[in-house]
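# Fold the following and give me the result.
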Amino acid sequence: MALSEGVIKKVLVSYAYVAIWICLSFSVIVYNKYILDRKLYNWPFPISLTMIHMLFCSTLAYLLVRVFKVVEEPAAMTRDLYLKSVVPIGALYSLSLWFSNSAYIYLSVSFIQMLKALMPVAVYSLGLVFKKDTFKSETMFNMISISLGVAVAAYGEAKFDSWGVTLQLMAVVFEATRLVLIQILLNSRGISLNPITSLYYVAPCCLVFLSVPWIIMEYPLLRDTSSFHLDFVTFGTNSLCAFALNLAVFLLVGKTSALTMNVAGVVKDWLLIAFSWSVIKDTVTPINLFGYFLAFLGVAYYNHSKLQALKASEAQKKAQQAEEEAGRLLEEKESEGAVKV
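Prediction:
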């Protein structure tokens, strides 16, 4: 049966959103690696780079929310809620970005993407700790298989750096904690922040939290090496890409689904591995690829399981709504019959 013009258009638009997100995510990762790597642009100041991103994103988010009013602030966001919920999330986000960007100084792009496959493991483990997930032997076996795949990839890494791996694993833990706390502190209260309002609230917090380690660790080096003279074209376009990526996330999830983003993320990871090997000339070994393929299978199965659970939950809600509607109609008919009598 031929597809209607509306369906074809919808599919093409979805693919366009996916392509935009992949391109922007790809660009931000490679751009950050280029700036921070000592052999490339040679500006190894990850805290400073993250602060530049947060300052740029804070400014644009403020303009979009308060001046141009592209999106509205959540009415339920109070000062108390901000201090108890948004500030801890901002602190975790700043640590996640700091350590993640720091890892680019020591590790290849391809190996970092392989380590990021541990994110479902960290989220599920923390979900058990905070009692947001229930223990299932099947899911735990899946988590072990992902961890095993990443371990094999690490074993085959030609330029393994223990400090770089530690930084990236810490970034994964902080990011997973942030995601779990968003569910506990915000989503449980019915507050949902899109990427623009998230940056509006969170980016200034990140800026404040990062200023402390920046003053201690990077400011003296920047001052002594005269590295304060920034290339506004390089850092401006880099920051613009980072902000555009947040908008792309908003469009992709809003117009398609979070599952589509997860699938697109897998495609992006393989593209980055191929780019890292062919263009940047990073060494990617067969053991690397075999390990990541094992982890990839585990992540794919995890996403499939989450999708099936989501479908089952939606079907249950629809069935419950149908029962409630049928009961309401029955009550109306009974009341009408009683009036006639």
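# Which single helix of this structure contains the most residues?
Counting residues, the longest helix in the chain under DSSP state H turns out to be helix 286-340.
# elements contacting the least confident helix or strand in the chain by mean pLDDT?
Lowest by mean pLDDT, DSSP states H and E among the helices and strands of the chain is helix 286-340, with a mean of 80. Counting contacts by 3 or more Cβ pairs under 8 Å, 6 or more residues apart in numbering; DSSP states H and E, helix 286-340 packs against helix 109-115, helix 119-129, helix 137-155, helix 258-278. For every residue, glycine as well, the C-beta is placed using N, CA and C.
# Which one, of those helices, ends up nearest to I215?
Proximity to I215 (Cβ to Cβ) singles out helix 109-115 among the helices and strands packed on helix 286-340, at 27.3 Å.
# List of residues touching that closest one?
With Cβ atoms under 8 Å, 6 or more residues apart in numbering as the test, helix 109-115 has contacts from 29-30, 33, 103-104, 107, 150, 153-154, 157, 159, 165, 168-169, 172, 269, 272-273, 275-277, 280, 282, 284, 288, 291-292, 295.
# can you tell me how far the most centrally placed residue in the chain sits from L181?
Centrality entry for the chain: nearest residue to the mean C-alpha point is E175, 8.0 Å, by Cα atoms, centre = their mean. E175 sits 11 Å away from L181 when distances are taken as Cβ to Cβ, to the nearest Å.
# tell me, what's touching those two both at once?
Common neighbours of E175 and L181 (Cβ under 8 Å, 6+ apart) are L92.
# and L148, what is it in contact with?
Shown in contact with L148 (Cβ under 8 Å, 6+ apart): L294, A295.
# and S276, what does it touch?
Going by Cβ under 8 Å, 6+ apart, the list of residues near S276 reads S108, V109, S110, D282, V284.
# try it again with 10 Å
With contact taken as Cβ atoms under 10 Å, 6 or more residues apart in numbering, S276 is in contact with I29, V30, K33, S108, V109, S110, F111, I112, Q113, D282, T283, V284.
# which element is the spatially closest residue to the fourth one that is not a sequence neighbour on?
Right, the one you point to is S108. In this structure, S108 finds its nearest non-sequential neighbour in D282, 3.9 Å apart by Cβ to Cβ, 6 or more residues apart in numbering. Assessed by DSSP states H and E, D282 sits outside every helix and strand.
# what about D282, neighbour count?
Look at D282: counted by other Cβ atoms under 10 Å, it has 19 neighbours.
# what sits against the residue nearest to A117 when sequence neighbours are not counted?
Closest residue to A117 apart from its sequence neighbours, by Cβ to Cβ, 6+ apart: A295 at 4.2 Å. By Cβ under 10 Å, 6+ apart, the residues touching A295 are 114-118, 120-121, 145-153, 269.
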